[in-house]
Each structure stands twice: as C-alpha cells, then as structure tokens.
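Participant: One predicted model, sequence on top.
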Amino acid sequence: MMVGYNVAILGATGAVGTRMIEQLAQSSIEVASLKLLASKRSAGQTREFKGRTLIIEEATPDSFSGVDLVFSSAGGSVSEALLPEAVKRGAVCVDNTSAFRMDPAVPLVVPEVNADDLNWHHGIIANPNCSTIQMVVALAPIKAQFGLERVIVSTYQAASGAGQSAWNELNTEAQAHLNGETMDAHILPAKGDKRHFPLAFNLLPQIDVFEADGYTHEEWKMIHETKKILLGDMNAKALKVTATCVRVPVGIGHGETVYFETSDEAVTAAQIQHALANGAGVVLEDDPATQTYPTPLTAAGKRETFVGRVRPDLEVDGAFHMWVVADNLLKGAAWNAIQIGETLVARDLVRVSA
C-alpha cells in the first residue's frame, strides 16, 4: 500500500508558489495532506489542489509539526528563519531562494544533472537560480561526453524572474508607453538599488545588485552555482565560467546564448547535437533550414529545457555556441523543486509521519 506524505508549500501565494501547487498536483508524489503557508497578510486566502479548496495559513515554526516535505519560495530571509525550524521538526525542505545555495553542507540540485548529491542532504536542499538551472541541464550531457573547459553565457531574462510585481510593472509600463504616457519604474533592475528604469521596450544590463568587482550578484550566482553543480565546488578552477545577465521585456521564459569549449578539439556540431538530443530533460529544436529554434513563447508552460542554434565557433577548435530557453517559473523554479521532491521520495530520502 502506498504511503502518503504530509507536504507544506511555503510562499504559496507567489508566482512560483502557485505553480508549485499545480506541479505537485501533477507529480508522482503521493500527498496525504497539504498545508499552504504564507505571510500573515495572505492568511485566509484560498487555493485549489486536486479539487479541494485549501485555506492559506500564516507560516510559523509550529506550522511544520508533522510535515514530511516542504517546498519553499517565500524569500531568503523567510527561508533562513523557518526552514531550520522545519528540519528540527523532522521535515525535509526544498528551498527555492538563495539562502542556502552556497552553503557547502547543502546540496544544490538539478535532478537531471546531480541527483546523487541528494544522498548527503541534512534536511535542506537548495533549488538553483533559474538561469543556472537551464544552462547546466544543457551543458551536462556535453560535459559527460566531451569534457568542458570554459563557459561564457549571456542571458535574456524574463520580467517574471524578478517576481509577480516586476511582471505587473512591465505590463503597466508597456500600456503607458502605448498611451503616450510616462513610464514609472519602481522595481527593476533591482528593487533594493538606488535607481529604477523601465523595462518595457527596453533592455536592462543589470539583474540584482552590483558587486565590488563590477559583476552583478546574478552573474556571480551563475558562475559559482554552475561550478558547484557540475564539479561539486563553487570555486573550482577546472571549469572557467563567466556571465552577463540582461533583463528583457518578456513575461515568461529565459533565453541564453552559451559559448562553451570542450576538452575534445575534434568534436563536431553533429556530435554535440546528438548528445543534447539524448540529454535528460533536453529538447533539441535545431534546424536552420526551416527556422526551427526555441523561443520563450513556445517554451512557456513546459517543463523541459529547449536548445537550438548549435554551431561550431569558427575561430576555436572544440568550441561551440548554442541557444537555451526554458520556462523560468517551471523548470527554473517550481518544477525543478517538485522534481527534487519526486527524486527524494523515489530514493526513500524523506521520513514519513506515523
């Protein structure tokens, strides 16, 4: 007889939390009970789960009593405060914030890439940054077959990656511009920074705040998360990674141009395409003759990572370029978290309440 799990979703009212509810309903996880948790101001709202209406509860440490599995997307400070309390009460937590990603004692997991890291978890598993997830899904089969020496990525990241409020502001700005009105910006490029600029009909070469070295924190995350996921060490020297992250006026779906150098200078584009076509979680859409390549609109609502425009670099042997697209709210967040949960259940790495 299959035993169900007591599950909680923390941050259940946000763009990612809402999708976590949807993805959980479609997952292989047998749910005995589900708690939907959020801030005090959201308590009392309702959400649907498998035909049932559930009431949002205010999240407190005691909310996790008797809970087996927690999916969290409520902001870093909330995760830092509440997830250790959940672990104390016996829960295993999958966190979609940056709170624990760089903690060497916390696995940073993309199931298609490094699921074995779940075996050494201590109660908290980190969900990587959305832009990192789709890139490593595409790079993993290439690294496995041909080695990987260097990665240079430029991102084209959707407004929803900054939250529902940023997405709403983009729509408001676009309408204002079409009406001939002033576009008022209050959120992007980084809500906590000093200046804000409209995203509608614009490009913003800043995601998150700037670090002292001139890179943004989003770029820092992509560099060090990639190394941690692929090599197990956020500061690994064996793989050189650099990133430029740009916010674009798209609702859902991050795009990335990825330049990579393999360890095999004789490898061909056809071999790279074959590796990608057979890679876990990858869909290859790559036929220039028919203008076949992925776009954010076609990737939205899908769980897979889509790759196209695979071509050799004309100056460097063993180097290639590719275009990578994924739904940042699904594979980049909610689905990757639920997928981690499915893997934890399959490997019997979650305790079950009596």
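Facilitator: Cool, the structure landed.
Participant: switch to C-alpha atoms for all contacts and neighbour counts from now on
Facilitator: Noted.
Participant: Now do the strands in the stretch 201-350 of the chain.
Facilitator: 240-247, 254-261, 282-284, 305-312, 319-326 (DSSP state E, counting those that start in this stretch).
Participant: what residue ranges in the chain are flagged as low confidence?
Facilitator: 1-2, 352-354 (pLDDT under 70).
Participant: my guess is Pro141 contacts Gly279, does it?
Facilitator: Yes: counting by C-alpha atoms under 8 Å, Pro141 touches Gly279, with 5.4 Å between them.
Participant: how near is Arg101 to Lys88?
Facilitator: Distance, Arg101 to Lys88, using C-alpha to C-alpha, to the nearest Å: 19 Å.
Participant: Which of the two has more residues huddled nearby?
Facilitator: Neighbour tally, Arg101 and Lys88, criterion other C-alpha atoms under 10 Å: the higher count belongs to Arg101, 25 against 13.
Participant: which ones are touching that one?
Facilitator: Residues near Arg101 by C-alpha atoms under 8 Å, 6 or more residues apart in numbering: Pro107, Leu108, Ala126, Asn127, Pro128, Glu225.
Participant: number of nearby residues for the last one?
Facilitator: Right, the one you point to is Glu225. Other residues near Glu225 come to 25 when the count uses other C-alpha under 10 Å.
Participant: Alpha carbons only: can I get stretch 206-217 in PDB?
Facilitator: Only the C-alpha atoms of stretch 206-217 are listed here, as PDB (Å, rounded to 0.1, in the frame of the first residue of the first chain):
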ATOM      1  CA  GLN A 206      21.700  44.600 -14.500                       C
ATOM      2  CA  ILE A 207      20.000  41.800 -12.600                       C
ATOM      3  CA  ASP A 208      20.300  42.100  -8.800                       C
ATOM      4  CA  VAL A 209      22.900  44.500  -7.200                       C
ATOM      5  CA  PHE A 210      26.400  45.100  -8.300                       C
ATOM      6  CA  GLU A 211      29.300  43.500  -6.500                       C
ATOM      7  CA  ALA A 212      32.700  45.300  -5.900                       C
ATOM      8  CA  ASP A 213      34.300  43.600  -9.000                       C
ATOM      9  CA  GLY A 214      31.600  45.100 -11.400                       C
ATOM     10  CA  TYR A 215      29.700  41.900 -11.800                       C
ATOM     11  CA  THR A 216      26.100  41.700 -10.600                       C
ATOM     12  CA  HIS A 217      25.000  39.200  -8.000                       C
END
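Participant: what about Val137, neighbour count?
Facilitator: Neighbourhood size, Val137 [other C-alpha under 10 Å]: 25.
Participant: sorry, that was for Gly161
Facilitator: Neighbours around Gly161, by other C-alpha under 10 Å: 25.
Participant: show me the contacts for the nearest residue to it once chain neighbours are set aside.
Facilitator: Take Gly161 and drop its neighbours on the chain: the residue closest to it by C-alpha to C-alpha, 6 or more residues apart in numbering is Asn328, 6.6 Å away. Applying C-alpha under 8 Å, 6+ apart, one finds that Asn328 lies in contact with Cys130, Ser131, Ala158, Ser160, Gly161, Ile252, Gly253, His254.
Participant: Check for me that Ile125 belongs to a helix.
Facilitator: No: looking at Ile125 with DSSP: H, G, I helix; E, B strand; the rest coil, it is strand, so not inside a helix.
Participant: thinking it is in contact with Pro107, fair?
Facilitator: Yes: judged on C-alpha under 8 Å, Ile125 makes contact with Pro107 at a distance of 5.3 Å.
Participant: what do those two both touch?
Facilitator: Shared contacts of Ile125 and Pro107, defined by C-alpha under 8 Å, 6+ apart, comprise Leu118.
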